[in-house]
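In: generate coordinates for the sequence data below:
(4 chains)
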2 protein chains.
Amino acid sequence: MRAVGNRPTIADIAKRVGVSPGAVSFALNGRPGVSEQTRARILEVAREMNWRPHRAARALGGAQAGVVGLVLARDPRTLGSEQFYTQILYGMQDMLSAHSSAVQMQLVRDTTAEISLYRHWASEHRVDGLVLVDLQLDDPRIAVVRELGLPAVTLGLPGEPGQLPSVWADDAEAMTTIVDYLAALDHRRIAHVAGPPVYQHTARRAAALRAQVTERGLHAGESVPTDFSDAQGAAATRALLSRAERPTAIVYDSDLMAAAGLGVALEMGIEVPRQLSIVSFDDSVLTRIVHPALTCLSRDTHALGAQVATTLLEAIADASFRESVRTETPHLVVRGSTARPLSSR
Amino acid sequence: MRAVGNRPTIADIAKRVGVSPGAVSFALNGRPGVSEQTRARILEVAREMNWRPHRAARALGGAQAGVVGLVLARDPRTLGSEQFYTQILYGMQDMLSAHSSAVQMQLVRDTTAEISLYRHWASEHRVDGLVLVDLQLDDPRIAVVRELGLPAVTLGLPGEPGQLPSVWADDAEAMTTIVDYLAALDHRRIAHVAGPPVYQHTARRAAALRAQVTERGLHAGESVPTDFSDAQGAAATRALLSRAERPTAIVYDSDLMAAAGLGVALEMGIEVPRQLSIVSFDDSVLTRIVHPALTCLSRDTHALGAQVATTLLEAIADASFRESVRTETPHLVVRGSTARPLSSR
DNA sequence: GTGGGTAACTAAAGCGCTATAGTCAACGCT
DNA sequence: AGCGTTGACTATAGCGCTTTAGTTACCCAC
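Out: Sure, this is the predicted structure:
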């Protein structure tokens, strides 16, 4: 054990001011029980002595841990697709630090490990609430979170809305935005390199694409599932581009796969955007540094993270809180990777 | 406040077994004071009741928080270069979870914010130790960490070795590996797109390059400083490639800048690797997905993270621990972005 | 001027666990 | 028999904070 500096305690302040520790606690927490004069005096001394609450002591009294959890289930081989979540994390931290909370982010192998981590955290009182990301169809985590009594917010709509508060954007509308644009450019064979079909957002996007294709009488509209890895993104692209009737545009569910797809096109000697247009569903530094830069859907991810944090704080404060916040649909940022297809020029 | 399930406490176990809470504490912590028979019985009941230690309660008694901190100082605009640290984080978490600890990673704007976060954490007893990354020349964090009495490990050698335990690899040797290879291919004008000169590793690499250039009688050897952003990486590349005597090979201090540099070369119609070879100091998914894939230095970052965690645990356990662990020098992975320069064919 | 209300405190218990100082019986030794 | 030891516990205090139940002192109304 180590002496970590003799931090002042509430008792020290009490002694110095000449009141009881209870009074100091009242003053520091802004609750009634002390005169304004005394309160001011206590606050002044506290600042002078550089007092900070001892988290553990508070948590022991049943208060909050001051930490919220964010778990990313990732196969180590799929690592690399965390740009988006890094931004979310940043946004959450900025919002939470104002409420002197922190985000505990952890990477685990799979959903099973994620769930056991939640149980662990709950039993150790480590977190006050959770953010669930990468929502799945029939997501097993939702039942667990309720059982544990942990406040939680989902990033993205869960299958059965209303189970948990959530922060979401309309994936179907986003896909429609893309198809609108591609169709206006005269693309008629549009393919979709998707994530694993078990994810809600992938399912929604695929469904929206099918609906659009039918509505507009386009040719293709196939969604090829992948595990989100660059390898499978590249493989899917190779397969699509090797067909007799190859698509003139491919929409990718992630920036990483889109960049990998661009690499494959270059490797196969297919010119982007002349012979193939590429659109990414995510924006990040990645879409900007490749050449040509990728047309993509973009949104303020930092603000999204902040919104998630805000909603989670509400859910923590009020156990019955169950509202969902719809955020702006991502907007299209057109860069060099999209153009009119060669055939229609 | 919310009822978070009625977790069993040590008192519950004591009641059930018929001993005092103190005896249970002894048994659960593997210290003498109970017979082997009683100990076994207590452990059995504890498992049966699914008991878990209450972190806060332990921490209050002066024990550890079970959290180590990792702060990344990043201008939001420079965000995107965290691939490496995501891997480090993963490696640390895997190692630490075996010791039922966690990593608290936080992104902040700059070193000033980083330091005040350390003070904050120390005063709240939030972390047991710290990992300092991106070591600077004359790093102000070192003094603060010592003042706070927080155990810490640096990733990379600090300016004055021996101040803190560190985990490091030889940057000079790494640069030499690259120059060896490029010189063997007959490159004679080698440039370096570096990070901010205030960073130790950037300084070491630049110095090693200069030394090599002198030793081998090569032409250039200039290091262009940047802020690690893709924008400055691209700008530096553009500047270098616009010179009358442009380099035939550029070494980049990060994968992100290397990829951005490749984008610039493509944009300027300079063929890679025929007219320009590109080498990145970091490996990541990024170097693999661009086309051509980038030659780079690679190492087992996950293992590196685990090593950092191990060293930090030692430093936490023993305040006088001050050893440094040298890890393997990154090895060169040759991919499509390097070749013999056109001029020498 | 007495009862009752209220503001401004103090006293004390308790959160779950650890750690230290007992207690008590059994044992060995001179 | 008397004494010190040892092992296996129990009792208790305490970590820093919150919170509830007092306790004063004071003011107001009848």
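
In: can the helix or strand containing A:A57 be said to contact DNA strand D?
Out: A:A57 is part of helix A:55-60, with elements assigned from DSSP states H and E. Yes: with Cβ under 7 Å from any atom of the strand as the criterion, DNA strand D is reached by helix A:55-60 at A:A57, A:R58, A:L60. In short, each C-beta sits where N, CA and C put it, glycine included.

In: PyMOL command to pick out the buried ones of these?
Out: Selection of buried members from those for PyMOL, criterion 16 or more other Cβ atoms under 10 Å in any protein chain shown:
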select buried, chain A and resi 57+58+60
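
In: export the residues of helix A:55-60 next to DNA strand D to a markdown table and tack on pLDDT?
Out: Listed next are the residues of helix A:55-60 next to DNA strand D as a markdown table, based on pLDDT from 0 to 100:
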| residue | pLDDT |
| --- | --- |
| A:A57 | 88 |
| A:R58 | 85 |
| A:L60 | 82 |
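
In: other residues contacting stretch A:110-130?
Out: The contact list for stretch A:110-130 (Cβ atoms under 8 Å, 6 or more residues apart in numbering or on different chains) reads A:59, A:64-71, A:73, A:75, A:101, A:104, A:106, A:108, A:136, A:140-141, A:144-145, A:148-153, A:312-313, A:315-316, B:4-5, B:7, B:50, B:52-56, B:102.

In: narrow these to just the buried residues.
Out: A:59, A:64-71, A:73, A:101, A:104, A:106, A:108, A:136, A:141, A:144-145, A:148, A:150-153, A:312-313, A:315-316, B:52-56, B:102.

In: which of these fall in strands?
Out: Secondary structure from DSSP state E places A:V67, A:V68, A:G69, A:L70, A:V71, A:A73, A:Q104, A:Q106, A:V108, A:A152, A:V153, B:A102 of these in strands.

In: DNA strand D: which of those residues is nearest?
Out: Closest to DNA strand D out of these is A:V67 (16.2 Å), distances taken as Cβ to the nearest atom of the strand.

In: mind listing the residues bridging to the closest one?
Out: A:A102 (DSSP bridges).

In: got the contact list for it?
Out: A:S101, A:A102, A:V103, A:Q104, A:R126, A:V127, A:D128 are the contacts of A:V67 under Cβ under 8 Å, 6+ apart.

In: skipping adjacent residues, who's closest to the last one in space?
Out: Think A:D128. Closest residue in space to A:D128, ignoring its immediate chain neighbours: A:Q64 at 4.5 Å, by Cβ to Cβ, 6 or more residues apart in numbering or on different chains.

In: ok, now which ones touch the closest residue to DNA strand C within the stretch 151-300 of chain A?
Out: Ranked by Cβ to the nearest atom of the strand, the top residue of the stretch 151-300 of chain A for proximity to DNA strand C is A:P151, at 18.8 Å. Going by Cβ under 8 Å, 6+ apart, A:P151 touches A:D128, A:G129, A:L130, A:L312, A:A315, A:I316, A:A319, A:F321, B:R2.

In: stretch A:99-106 - what's its average pLDDT?
Out: Regarding stretch A:99-106, the rounded mean pLDDT is 91.

In: now swap in stretch A:240-254 and tell me
Out: Taken as a whole, stretch A:240-254 carries a mean pLDDT of 95.

In: checking the spatially closest residue to A:H302 that is not a sequence neighbour next. Helix, strand or coil?
Out: Among residues not flanking A:H302 along the chain, A:G91 sits closest, at 4.0 Å (Cβ to Cβ, 6+ apart). The three-state label given to A:G91 by DSSP: H, G, I helix; E, B strand; the rest coil is helix.

In: what about A:G91, how many neighbours?
Out: Neighbour count of A:G91, defined by other Cβ atoms under 10 Å in any protein chain shown: 23.

In: ok, A:P76 next?
Out: 12.

In: dump the residue contacts of it.
Out: Taking Cβ under 8 Å, 6+ apart, we find A:P76 in contact with A:R109, B:Y90, B:H302.

In: just checking, what packs against the worst-scoring helix or strand of chain A on mean pLDDT?
Out: Every helix and strand in chain A was compared by mean pLDDT, DSSP states H and E; the lowest is helix A:55-60, with a mean of 84. Packing contacts for helix A:55-60, counted by 3 or more Cβ pairs under 8 Å, 6 or more residues apart in numbering or on different chains; DSSP states H and E, involve helix B:55-60.

In: burial of whichever residue of the stretch 101-250 of chain A sits closest to DNA strand C, as a residue count?
Out: For the stretch 101-250 of chain A and DNA strand C, the shortest gap (Cβ to the nearest atom of the strand) falls at A:H125, measuring 8.1 Å. By other Cβ under 10 Å, the residues close to A:H125 number 22.

In: and what of A:G129?
Out: Around A:G129 there are 24 residues (other Cβ under 10 Å).
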